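Q: below is the structure, and that's it, no one-letter string:
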């Protein structure tokens, strides 16, 4: 039995995942894209609140005024996904639990794959005169293609878990039938036209809604496909013992409202022998000029905000551009600011906070190249509460690095390469099991924001320079 719950969601209708862009006149909105991790996380949060299950209050603030002023229920919820899942033998009951036959997981294609093969065709180029380049700091090498010029990208958008694992391990480069798919293989887009409704009265044709129509696109999953999600809570019960509420939530309700317009999905707990995410390399990295080459591939989007020179309380901070560049990479020289060693719980002013062990050390590794596509907007709608939002409204919009982005690092030693992989792989140092921390099951989430919602999951592989055998 896995220590984290694997939940398969089956939509009973079309789904709507709006990303905040306009939906007026000829603008059809962008509601048919694959949902972001924050969407399914919000669905689990809402379902927990509706369920009547008991959860203790969590303090979310970190300043001196945190005590008892920002209590949120079910704050221990952590999720990951969703990912497309094909089920060969669909369950007869959405609320039942048990093993499913022929369950196939798919993950976003790494951006360095540009052909119908698992051999990377985009590689960093060296030697290179940085004075002739417009590469931003701290990048040292541009990424060039090994393929002849071609306007068409033969690689498909999603890779089967087995193919993704062979890509990371450097195994068979051949992609078998059905191991690479585009969105059209498991989903369709449907467009509709609607009449705007005035929020205050719930009517059309009056007030602000007079004469307004909108167009929208919806996502319809094909038969036999699911949204695969990981979810877990760590709530205190009446005896102060820790409890995972997700099995009770799924077994009692068997359904979740996911995305905009409250679309219904039936939910099923799935039992698998191992966590179905790909496992990154932990050793055996390539060496070039006494540098060990590690690449990190995002399985889910990541958000790295711009950091100002001063904090809100006036304290000086090291500024950082954020955006495409991880906040844990120093902007001036690319030095990785993560440390080796497992994170542990420490006590500070009577409160628990995350920290590194006393034996942790710096990792001698630097970011030297990157493949980053266009950002995707991440936003949402927040309801009013009595703590920090007196009125409902749109959440702040962030720009996230999409899944599939590739970051290339050079480590100073083989041990540093292994420590870097342990810090970046979602499963930590071990490939055999999910990261275990003081009996709490966690995943490495390297997104500065929304890590608990499933942003910032990645896996490590190795790489070579363009022209290097």
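A: Yep, it's here. From a predicted model like this one, the values you see are computed outputs, not experimental measurements.

Q: hey, where'd the strands end up in the stretch 301-450 of the chain?
A: Taking DSSP state E, counting those that start in this stretch as the criterion, the stretch 301-450 of the chain carries its strands at 343-348, 351-356, 365-371, 376-378, 381-382, 393-394, 398-400, 406-411, 436-437, 440-441.

Q: any idea which of the ones you listed scores lowest on pLDDT?
A: Lowest mean pLDDT of those: strand 436-437, a mean of 35.

Q: domain-wise, how is the chain divided?
A: With domains defined by automatic domain parsing, the chain comprises 1-113+159-277, 117-154+279-469.

Q: got the ones you listed as TSV, with mean neighbour count columns?
A: The way it works is simple: take the backbone N, C-alpha and C, and place the C-beta from them, glycine included. Output for those, formatted as TSV (neighbours: other C-beta atoms under 10 Å):
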stretch	mean neighbour count
domain 1-113+159-277	17
domain 117-154+279-469	17
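
Q: just give me the lowest mean pLDDT stretch among the ones you listed.
A: Among these, domain 1-113+159-277 carries the lowest mean pLDDT, a mean of 79.

Q: any idea how far that domain is from the chain center?
A: 12 Å (C-alpha atoms, centre = their mean, to the nearest Å).

Q: quick check: the residue nearest to residue 35 when sequence neighbours are not counted vs residue 373, distance?
A: For residue 35, ignoring the flanking residues on the chain, the nearest one in space by C-beta to C-beta, 6 or more residues apart in numbering is residue 17 at 4.5 Å. In this view, residue 17 and residue 373 are 19 Å apart by C-beta to C-beta, to the nearest Å.

Q: can you check residue 172 too?
A: Distance of residue 172 to residue 373, given as C-beta to C-beta: 27 Å.

Q: same question for residue 12.
A: 33 Å.

Q: against residue 86, how distant is residue 187?
A: Residue 187 is 12 Å from residue 86, where distance means C-beta to C-beta.

Q: okay, and the common contacts of those two?
A: Each of residue 225 lies in contact with both residue 187 and residue 86 under the rule C-beta atoms under 8 Å, 6 or more residues apart in numbering.

Q: tell me the contacts of residue 327?
A: By C-beta under 8 Å, 6+ apart, the contact set of residue 327 is 304-305, 307, 320, 448.

Q: so which of the residues you listed comes closest to residue 248?
A: Distance to residue 248 across these (C-beta to C-beta) is lowest for residue 448, with 32.1 Å.

Q: surely the closest one touches residue 320?
A: No. Contact criterion C-beta atoms under 8 Å: residue 448 and residue 320 do not qualify, at 9.4 Å.

Q: what touches both of these two?
A: Common neighbours of residue 448 and residue 320, using C-beta under 8 Å, 6+ apart, are 304, 327.

Q: picking that back up, quick check, nearest of the contacts of residue 327 to residue 261?
A: Out of those, the member with the shortest distance to residue 261 (by C-beta to C-beta) is residue 305, at 29.5 Å.

Q: quick one, phi/psi of the closest one?
A: Here is the backbone geometry of residue 305 (degrees, to the nearest 10): phi -80, psi 160.

Q: mind checking how far the nearest residue to it once chain neighbours are set aside is from residue 449?
A: Once flanking residues are discounted, residue 305 sits nearest to residue 322: 4.7 Å by C-beta to C-beta, 6+ apart. Distance of residue 322 to residue 449, given as C-beta to C-beta: 10 Å.

Q: which residues do those two both contact?
A: Joint contacts of residue 322 and residue 449 (C-beta under 8 Å, 6+ apart) are 304-305.

Q: residue 165 belongs to a strand?
A: No. Residue 165: not assigned to a strand; according to DSSP: H, G, I helix; E, B strand; the rest coil it is helix.

Q: which residue packs closest to it, ignoring adjacent ones?
A: Using C-beta to C-beta, 6+ apart, the closest residue to residue 165 is residue 278 (5.1 Å).

Q: what sits against the one you found?
A: Residue 278 neighbours (C-beta under 8 Å, 6+ apart): 107, 161, 164-165, 168, 299, 459.

Q: in strands only, show me the residues you listed.
A: Cross-referencing the contacts of residue 278 against strands under DSSP state E gives 107, 459.

Q: ok, which pair from the contacts of residue 278 is furthest apart?
A: Among the contacts of residue 278, 165 and 299 lie farthest apart (C-beta to C-beta), at 12.2 Å.

Q: quick one, helices of the chain?
A: Under the criterion DSSP state H, the chain contains helices at 37-51, 161-169, 246-253, 414-424.

Q: about what we covered before: quick one: the residue nearest to residue 35 from residue 410, how far?
A: Going from residue 17 to residue 410 by C-beta to C-beta gives 38 Å.

Q: ditto for residue 396
A: Applying C-beta to C-beta, the value for residue 396 to residue 410 is 35 Å.

Q: same question for residue 274.
A: As defined by C-beta to C-beta, residue 274 lies at a distance of 31 Å from residue 410.

Q: cool, residue 374 as well?
A: 26 Å.

Q: residue 277 now?
A: If you measure residue 277 against residue 410 using C-beta to C-beta, the figure is 26 Å.

Q: no further questions, thank you.
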